[in-house]
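K.L.:
Sequence first, predicted model second:
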Amino acid sequence: MDGLFETLCAALGMIARLAGGYATVIDLCSGNTKTVDASGREVPHYPLENYEGLEEVRQISSPLLFPSRREEGVLHFFLPLEGCLLAVNNLLHARREAGLKATFREALPLIARVAGGEAVLFDRQGMRFFSVGSGGKESVRGMGEFTYLGRQAMELGRPVIGPSLLEEGAMAVRIPVTAEFGLGFNNVLAVKQKKMLASTSRRDYPRYTFAHIIGTSRAIQHCIRQARQVAVTNSTVLLYGETGTGKELFAQSIHNASQRSGGPFVAINCGAIPASLVESQLFGYEAGAFTGARREGQQGLFEQASGGTLFLDEISEMELELQSRLLRVLQEREVVRIGGKKPVPVDVRVIASTNKDLWQMVASGKFRQDLFYRLNVVDLRIPPLRERVEDIPLLVRHFIKQFRDTFGTFVRDISPEALECLMAYSWPGNVRELQNCIERTMNLATHEVILPSDLPALIRNCACRLPENTATATQSGQIAPVYYFAKLNSQGHLPKTDNDGSFFKTPSFCVLKGTTQAVERSTILRALEETGYNRRRAAEKLGISTTTLWRKMKRLGLLSGSTTGS
């Protein structure tokens, strides 16, 4: 027994240091004790009453961990060992933690004011336990809430910086102070004040943020996550997307979530302005630079956007000669006005958009390769509506509410059958076409709930379901188990209609945009069979020109002796 007691006495210093408090060994037979503190010094008069839970462990004679009822964060650990009892606590460490927390509580109002936002303390799990608002006063906002950045900082053991979830464009910092708690702060108030100042001084303040982008599909959420990540940088962004997908919506959202959110957002549609005017619009001109120029000259959009973002919409429409000037501005970060000689420095983030394949344009010599690489630093592809069909119900109900509030109509919802028609249509015009469709329907609907009969004929007739005997038809090579949609012919007109107003007697002659080669092949063969292999009549049934039909047949390997001409 004495040997065990002496062994434990020799180890007390190391145990106390590891625990961050006091370590005591008690000989249960003789009553002898020895206590050592975290520095390894013996403390002869340390009272055993300081070990809360001592009486409980004497009764159960098994290891026990006992949280203190007197001091927050203090733990007492007891371990019975063959007539001896080892008692350990973390009292000194807990008091140091408490002292640090008290110090940071006092400093939090100053930190909040300097940062221009709020400051918080959080525990090792990332849960807030003390918060100070932007005015420097203690706040209950968010108390007990989990912060992902806080937990990440505690797990990594280093500061973590990321966008604040409270305000677009604001940043949040999380710093682990000890293993038990950390400090966080953001600049939410400063960003709000900058936005308020900008909104009162500029009429063209961009109003869209990521919160305005509607959709829960994987495709759109992935795009939003990428856009949020790139927003906090100053990198040039190239947005790819078909007409109507919301490229400017994303551009404004990126600007409003960036550090430039307080600066100007200037947009120019490179395809809507005559080529002769684009140069003067972008770079500005000096007084008397050309006939009709203002006497005082004019700033270009690059100068107007300095400190903010310049959005170049439909960049693919820009002429080659102008592309070289744009490249120089992006490289040198300065512009020379038309008729001027002095370069003007500009601090601009450029976001460009296109609905065309720029790389194909580079290959065909219609777009400068060096400009493409300068713009294509970060490329984001905005998915078309047909790739996120599951978002259509959300968008439809959003537009219904929007136009109900605008028009004051009685329409309040849409029927499942009408919604099914909308989800079966291909939407070549994407979200903009869907919005226009709902606006048109809201103006003409005669029921509280939109019915299929209220929808435009193009959507009502072309969003056709398959025949009931789908399996038999598929095996015969006539059609495939997908939805079919009408398509404009080569002259840009809708296909001819039958007397009953429908586009085709059978859904197999509605052409699906983006359909597979197998389906396209079987559809063309069906048309040829029903017209006696007369290409002109088959082309009319398919709603395309004979030239387009010949080109498709050649691509699909259908040009043979048995397939005659018109």
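P.N.:
Received, thanks. Numbers count the residues shown, from 1 in each chain.

K.L.:
pLDDT weak spots in the chain?
P.N.:
Along the chain, the model assigns pLDDT under 70 to residues 1, 142, 193-205, 273-276, 288-295, 462-519, 560-566.

K.L.:
Pop the domain breakdown of it in here.
P.N.:
Domain assignment for the chain, taken from automatic domain parsing, gives 2-89, 94-191, 210-380, 385-462, 470-555.

K.L.:
Tabulate the ones you listed (a markdown table), appending mean neighbour count.
P.N.:
Every residue, glycine included, has its C-beta placed from N, CA and C. Output for the domains of the chain, formatted as a markdown table (neighbours: other C-beta atoms under 10 Å):
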| stretch | mean neighbour count |
| --- | --- |
| domain 2-89 | 16 |
| domain 94-191 | 18 |
| domain 210-380 | 18 |
| domain 385-462 | 17 |
| domain 470-555 | 16 |
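
K.L.:
How far away from the center of its chain is stretch 148-160?
P.N.:
From the chain centre to the centre of stretch 148-160 is a distance of 22 Å (C-alpha atoms, centre = their mean, to the nearest Å).

K.L.:
Over to stretch 313-333?
P.N.:
Mean-position distance between stretch 313-333 and its chain equals 28 Å (C-alpha atoms, centre = their mean).

K.L.:
So in terms of bridging, what pairs with the nearest residue to Ala16 once chain neighbours are set aside?
P.N.:
Counting by C-beta to C-beta, 6 or more residues apart in numbering, Ala23 is the residue found nearest to Ala16 once chain neighbours are left out, at 3.9 Å. Listed by DSSP bridges, the beta-bridge partners for Ala23 are Val36, Val88.

K.L.:
wait, what's in contact with Ala23?
P.N.:
12-13, 15-16, 35-36, 86-88 (C-beta atoms under 8 Å, 6 or more residues apart in numbering).

K.L.:
cool, and Leu310?
P.N.:
Counting by C-beta under 8 Å, 6+ apart, Leu310 has contacts 266-268, 301-302, 348-351.

K.L.:
Most widely separated two among these?
P.N.:
Spanning the widest gap among the contacts of Leu310 are Ile268 and Arg349, at 14.5 Å by C-beta to C-beta.

K.L.:
contacts for the longest helix seen in the chain?
P.N.:
Longest helix of the chain, by residue count under DSSP state H: helix 91-115. If you take C-beta under 8 Å, 6+ apart as the criterion, helix 91-115 is touched by 19-22, 37-38, 50, 71-75, 118-121, 130, 132-137, 173, 177-178, 180-181, 183, 185-187, 190.

K.L.:
try it again with 6 Å
P.N.:
Residues outside helix 91-115 that contact it (C-beta atoms under 6 Å, 6 or more residues apart in numbering): 20-21, 38, 73-74, 118-119, 130, 132, 134, 136, 180, 185, 187.

K.L.:
on that earlier part again, if we only consider the contacts of Leu310, which is nearest to Arg535?
P.N.:
Ile268 (46.1 Å).

K.L.:
which residues touch the most centrally placed residue in the chain?
P.N.:
In the chain, the residue lying closest to the centroid (C-alpha atoms, centre = their mean) is Ile224, at 2.2 Å. Neighbour list for Ile224: 210, 213 [criterion: C-beta under 6 Å, 6+ apart].

K.L.:
my read is it is in a strand, agree?
P.N.:
No: the assignment for Ile224, made by DSSP: H, G, I helix; E, B strand; the rest coil, is helix rather than a strand.

K.L.:
how near is it to Phe66?
P.N.:
With distances taken as C-beta to C-beta, to the nearest Å, Ile224 is found 49 Å from Phe66.

K.L.:
Can you tell me how far the residue lying closest to Ser258 once chain neighbours are set aside is from Ser415?
P.N.:
Excluding the flanking residues, the one nearest Ser258 by C-beta to C-beta, 6+ apart is Ala231, at 4.9 Å. Separation of Ala231 from Ser415 (C-beta to C-beta): 39 Å.

K.L.:
ditto for Val160
P.N.:
In terms of C-beta to C-beta, Val160 sits 48 Å off from Ser415.

K.L.:
picking that back up, quick one: contacts of the next helix or strand after the longest helix of the chain?
P.N.:
Per DSSP states H and E, the first helix or strand lying C-terminal to helix 91-115 is strand 119-123. Outside of strand 119-123, the residues within contact range by C-beta under 6 Å, 6+ apart are 108, 111-112, 128-132, 147, 150, 181-182, 184-185.
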